[in-house]
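**Student:** Give the three-dimensional model of this entry:
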Amino acid sequence: MKKLSDYGWNRTYETSWNEMNEDPKMKKCVSGRVTLEHKRMYRVITAEGEWLSVCSGAMQHDALERRDFPAVGDWVAVEKMPGEERGIIHAILPRHSLFSRKAAGSTIVEQIIATNIDIVFLVMSMNKDFNARRLERYLVAAYDSGANPVVVLTKKDVCDDPSFYIKEAQNIALGAQVVAVSNVTGEGIDELTALLKDGKTAALLGSSGVGKSSLTNAICGGETMAVQGIREDDDKGRHTTTHRELVQIPGGGILIDTPGMREFQLWDTHESLDSGFKDIEAFAEACKFNDCQHNNEPGCAVQEALATGELPADRYASYLKLQKELAYLDRKMDRAAQAEERNKWKQITKSMRKHPSKKK
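**Tutor:** Down below sits the predicted model:
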């Protein structure tokens, strides 16, 4: 028998489950956690075993958007198929966090990275692939998810000047914990595992070759994930992880490894933009006028900080770029919603024409 507490089950989920289980339709279901997702098929761990599962027809019919389907990390109500190691998912328990991004490409679609996570390990390597602007994006998305961000700097054993990268990360991730590690020597690994005590769940986020799979192996104390080296010409890595997968840590806690992401576009994170740029927010609050646009207004603390170098120009430019990106996403989503509404009424009109009411 599996212990769900080993996979992050706690009193909050227990309360949600008891409320959900009052529905007679759920009496045949047990609770389980999604450990793997692949093309709308899910591997779900339950106290009775691990089942390959699909969503029920009713659940698929009622789903309106991506968030209505399960994702890795979700707790679900699942019914076992008679005589098989398979299941049918009937419902998703309320989530306490959700980490997502805009799916790669031009389509306006949300891609869920992981749910019900307590910590996001933002993984970057201490070499030429370190990217301050990418880290800023990761931080904004992490704050928006509801989880706590922790910056993990890998490859300490082959870095000539770790203090340079640590200082760079600290200047970007204001207030967030920064941990430098070596997957080879094990330095810093204990500091990460200590964060995962008491059944905490962490998701690993980073581009290819930064050492996420090696980090998973180091934390788990074995060869849990396949690993590959980096290209020597540019320090960029090869893709190793091809899917999101939830892994139990022997000493307690859960890790969710994710595929490497070179492109990371934000998804509706206006409220968290200031959390990722607390320094700019502080300068803006010190402006003489509340409606300051930070251009040529008198008493603009932002422009003064730029002039003195207290606020780096490239960081402020990144902030403005993310603002524009989110505004563009807003406009695209609004147009998409309007188009969907028009198409809905067109279908209703067509249906009414095909089936006119009979005259009395």
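**Student:** Leaving aside the residues adjacent along the chain, what's closest to the most centrally placed residue in the chain?
**Tutor:** Centroid check for the chain by C-alpha atoms, centre = their mean gives residue 99 as the closest residue, at 2.6 Å. Counting by C-beta to C-beta, 6 or more residues apart in numbering, residue 99 lies nearest to residue 145, which is 3.9 Å off, once chain neighbours are set aside. Backbone N, C-alpha and C define where each C-beta goes, glycine included.
**Student:** dump the residue contacts of residue 315.
**Tutor:** Residue 315 makes contacts with 132, 136, 172, 277, 279-280, as judged by C-beta atoms under 8 Å, 6 or more residues apart in numbering.
**Student:** Report the lowest-confidence entry in those.
**Tutor:** Among the contacts of residue 315, residue 277 has the lowest pLDDT, at 82.
**Student:** Give me the phi and psi angles of the residue nearest to residue 52 when sequence neighbours are not counted.
**Tutor:** Spatial nearest neighbour of residue 52, chain neighbours left out: residue 86 (5.4 Å); criterion: C-beta to C-beta, 6+ apart. Per-residue torsions, residue 86: phi -130, psi 160 (degrees, to the nearest 10).
**Student:** So residue 86 is in contact with residue 51, correct?
**Tutor:** Yes - assessed by C-beta atoms under 8 Å, residue 86 is found in contact with residue 51 at 5.5 Å.
**Student:** Assumed residue 114 was part of a helix.
**Tutor:** No - secondary structure of residue 114 (DSSP: H, G, I helix; E, B strand; the rest coil): strand, not part of a helix.
**Student:** Pairing partners for it in the sheet, please.
**Tutor:** With DSSP bridges as the criterion, residue 114 is bridged to residue 99.
**Student:** Now do it against residue 80, distance only.
**Tutor:** Remark: distance between residue 114 and residue 80 (C-beta to C-beta, to the nearest Å) = 25 Å.
**Student:** neighbour-wise, which of the two wins?
**Tutor:** Using other C-beta atoms under 10 Å as the criterion, residue 114 and residue 80 rank with residue 114 on top: 28 against 20.
**Student:** which residues do residue 86 and residue 51 both contact?
**Tutor:** Taking C-beta under 8 Å, 6+ apart as the contact rule, residue 86 and residue 51 both touch residue 80.
**Student:** neighbours around the residue nearest to residue 52, how many?
**Tutor:** Around residue 86 there are 16 residues (other C-beta under 10 Å).
**Student:** I'd like the distance between it and residue 78.
**Tutor:** Separation of residue 86 from residue 78 (C-beta to C-beta) stands at 10 Å.
**Student:** Now for those two: what residues contact both?
**Tutor:** By C-beta under 8 Å, 6+ apart, the residues touching both residue 86 and residue 78 are 51, 53.
**Student:** what does the longest strand seen in the chain contact?
**Tutor:** In the chain, assigned by DSSP state E, the strand with the most residues is strand 30-38. Here strand 30-38 makes contact (C-beta under 8 Å, 6+ apart) with 4, 7-9, 13, 17, 42-48, 50-51, 53, 70-80, 87, 93, 243-246.
**Student:** please redo it, this time with the cut-off set to 6 Å
**Tutor:** Residues outside strand 30-38 that contact it (C-beta atoms under 6 Å, 6 or more residues apart in numbering): 7, 17, 42-46, 70, 72, 74-76, 78, 245-246.
**Student:** Most neighbours out of the contacts of residue 315, which is it?
**Tutor:** Of all the contacts of residue 315, the highest neighbour tally under other C-beta under 10 Å goes to residue 277, namely 24 neighbours.
**Student:** Contacts only, for that one.
**Tutor:** Under the criterion of C-beta under 6 Å, 6+ apart, the contact partners of residue 277 comprise residue 319.
**Student:** next SSE after the longest strand of the chain?
**Tutor:** Using DSSP states H and E, the helix or strand that follows strand 30-38 in sequence is strand 41-46.
**Student:** Helix, strand or coil: sort out residue 123 for me.
**Tutor:** Under three-state DSSP, residue 123 falls in the strand class.
**Student:** who does it bridge with?
**Tutor:** For residue 123, the beta-bridge partners are residue 152 (DSSP bridges).
**Student:** Begin at 44, not 1, for the rest of this chat.
**Tutor:** Shifting the count to begin at 44 puts that one at residue 166.
**Student:** Isn't it up against residue 257?
**Tutor:** No - assessed by C-beta atoms under 6 Å, residue 166 is found out of contact with residue 257, at 10.0 Å.
**Student:** Out of the helices and strands in the protein, which is least certain?
**Tutor:** Within the chain, no helix or strand scores below helix 313-319, which has a mean of 63 by mean pLDDT, DSSP states H and E.
**Student:** now the helices: where do they sit in this protein?
**Tutor:** Taking DSSP state H to define them, one finds helices in the chain at 54-63, 100-105, 175-188, 205-215, 232-238, 255-263, 313-319, 321-328, 344-351, 356-397.
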